[in-house]
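**Student:** Fold the stuff below for me.
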Amino acid sequence: MDKKLLDILACPICKGPLKFYSKQNELICPVDRLAFPVRDNIPVMLEDEARELPADEELA
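**Tutor:** Numbering: from 1, shown residues only. Got it, this is the predicted structure:
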């Protein structure tokens, strides 16, 4: 994930910062506990496409 792109991206719901997890190829919003997929190096920032993170899943 390009660092400059990551710096300007924000969660579409809370407008907070996102963290990139390369292992899952997802952008994580720790506040809303949502994971937005990255497909073909393009972040899919749609609420309908995000998966909810279970309460027991740790955010490193």
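
**Student:** Quick check: pLDDT value at residue 60.
**Tutor:** At residue 60 the predicted local distance difference test score is 64.

**Student:** what comes into contact with the helix or strand of the chain with the lowest mean pLDDT?
**Tutor:** When the helices and strands of the chain are scored by mean pLDDT, DSSP states H and E, helix 3-8 comes last with a mean of 91. Contacts of helix 3-8 with the rest of the structure, by Cβ atoms under 8 Å, 6 or more residues apart in numbering, involve 18, 20, 27, 43. In short, each C-beta sits where N, CA and C put it, glycine included.

**Student:** now could you export just the CA positions of the longest strand along the chain as CSV?
**Tutor:** Ranked by residue count under DSSP state E, the longest strand found in the chain is strand 34-39. Once side chains and other backbone atoms are set aside, the C-alpha atoms of strand 34-39 remain, and they are given as CSV (Å, rounded to 0.1, in the frame of the first residue of the first chain):
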residue,chain,number,x,y,z
LEU,A,34,-14.5,-2.6,10.2
ALA,A,35,-12.1,-4.1,7.6
PHE,A,36,-12.2,-2.6,4.1
PRO,A,37,-10.8,-4.9,1.4
VAL,A,38,-8.1,-3.9,-1.0
ARG,A,39,-8.6,-5.5,-4.4
